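1. Could you look at this predicted model? Sequence included:
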Amino acid sequence: MRSAPRQSANVMTCCGPCWAVIQPRYDDTVGNYGSLARKHVIPLFGKAKLADLRADDVDEWLDGLSGTLSIRSLQLVHAILKRAIRQAQARDMVMRNVAELVKPPKGTAGRPSRVLTLEQARAVLEAAQSSRLHAYVVISLLTGVRTEEARALQWAHIVAWSDETAEWRPVVKAGFDRDRFAVYVWRSVRAHGDTKTEKSRRTLELPLQAVDALRRHHTRQASDRLKAGLTWQETGLVFCSTTGEPLDAANVRRGVRLITKKAGIGETWSPRELRHSFVSAVHRRF
């Protein structure tokens, strides 16, 4: 809702100030906030005069969305509107922020997270064999890395133990003919490349099934690099497109849903539920 020139500055014509809400976030959140703003904020308030906007208008708007949006999404669209009006206040376009006077309704209950049974996990691993996301699924299910951590994973952080030098070395230098492997979970696609929390930075030893999947994935990626030629983008990412570019959340969601559909368990599963399945399996075991 970027302000127009001063003479008509009380007209909300787009969603520019909403960018202030989005900027500190990581790419997935930027996309999510932008989508919410385009679908639910701009169509209803894009042409509204701020000076005429009342708390009742905001109440009615939120109530109208409560039947279709989750609690979290309602909170986000409310936050976008509040922040946009706050930007208008800072430019003396409006005296008060009526959105601050309103509390969002409860909204619909979000879909509860699920976990795979052992049989389902085996079916997913089998179905993923022919997918470009096979190694992604294996790593997620067998190590429990978060989806934003997996998408940011670098080959430099897949390491093998070298008996010759008595140290962990990147597998691309040490090779896959080793006995022990680990992954440094140090990065994510969040803002500034950090993991969810400081304590989330961890080193995980890799099971042989994950190593085998990574070995085959590395071979496939080398083939992609040759085919791409000069169009290849050297990002160092383990999981990337056929030209080396980062995968976005939508790419991964589509790929995982194709795999779960092939596995016969439907296509409503999300990548994060692979991690949840790992955590659940650990809890059941211990």
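-> Great, that's in hand. The shown structure was predicted, so the numbers you read here are calculated from the model rather than taken from an experiment. Numbering: from 1, shown residues only.
2. all contacts plus neighbour counts: C-alpha atoms, from now on.
-> OK.
3. A helix includes Gly34, no?
-> Yes: read with DSSP: H, G, I helix; E, B strand; the rest coil, Gly34 is one of the residues of a helix.
4. residues near it, how many?
-> 19 (other CA atoms under 10 Å).
5. Same question for Gly229.
-> 10.
6. SS state for it?
-> Three-state call for Gly229 (three-state DSSP): helix.
7. So it versus Asp63, what's the distance?
-> 54 Å (CA to CA, to the nearest Å).
8. dump the residue contacts of the residue nearest to Cys240 when sequence neighbours are not counted.
-> Once flanking residues are discounted, Cys240 sits nearest to Pro246: 4.8 Å by CA to CA, 6 or more residues apart in numbering. Contacts for Pro246 (CA atoms under 8 Å, 6 or more residues apart in numbering) come out as Arg151, Ala152, Thr235, Leu237, Phe239, Cys240.
9. Now do the phi/psi pair for Pro246.
-> Per-residue torsions, Pro246: phi -60, psi 150 (degrees, to the nearest 10).
10. Tell me which helix or strand comes right after the helix or strand hosting Val58.
-> Under the criterion DSSP states H and E, the helix or strand holding Val58 is helix 55-65. As assigned by DSSP H and E, the chain's next helix or strand after helix 55-65 is helix 71-90.
11. relative to helix 55-65, how tilted is that next one?
-> Here helix 71-90 runs at 150 degrees with respect to helix 55-65, directions being taken by axes from the mean of the first three to the mean of the last three CA atoms, to 10 degrees.
12. Give the buried residues for helix 71-90.
-> By 16 or more other CA atoms under 10 Å, the buried positions in helix 71-90 come out as 71, 73-88.
13. which residues of the stretch 51-200 of the chain fall in strands?
-> With DSSP state E, counting those that start in this stretch as the definition, the stretch 51-200 of the chain shows strands at residue ranges 158-162, 167-170, 181-185.
14. hang on, the earlier thing: are any of the contacts of Pro246 buried, and which?
-> Arg151, Ala152, Leu237, Phe239, Cys240.
15. how far away is the closest residue to the fourth one other than its chain neighbours from Ile259?
-> I take that to be Phe239. Closest residue to Phe239 apart from its sequence neighbours, by CA to CA, 6+ apart: Arg151 at 6.0 Å. Arg151 sits 17 Å away from Ile259, going by CA to CA.
16. and stretch 87-103, how far from the chain's centre?
-> 31 Å (CA atoms, centre = their mean, to the nearest Å).
17. and what of stretch 76-94?
-> When C-alpha coordinates are averaged (CA atoms, centre = their mean), stretch 76-94 and its chain have centres 26 Å apart.
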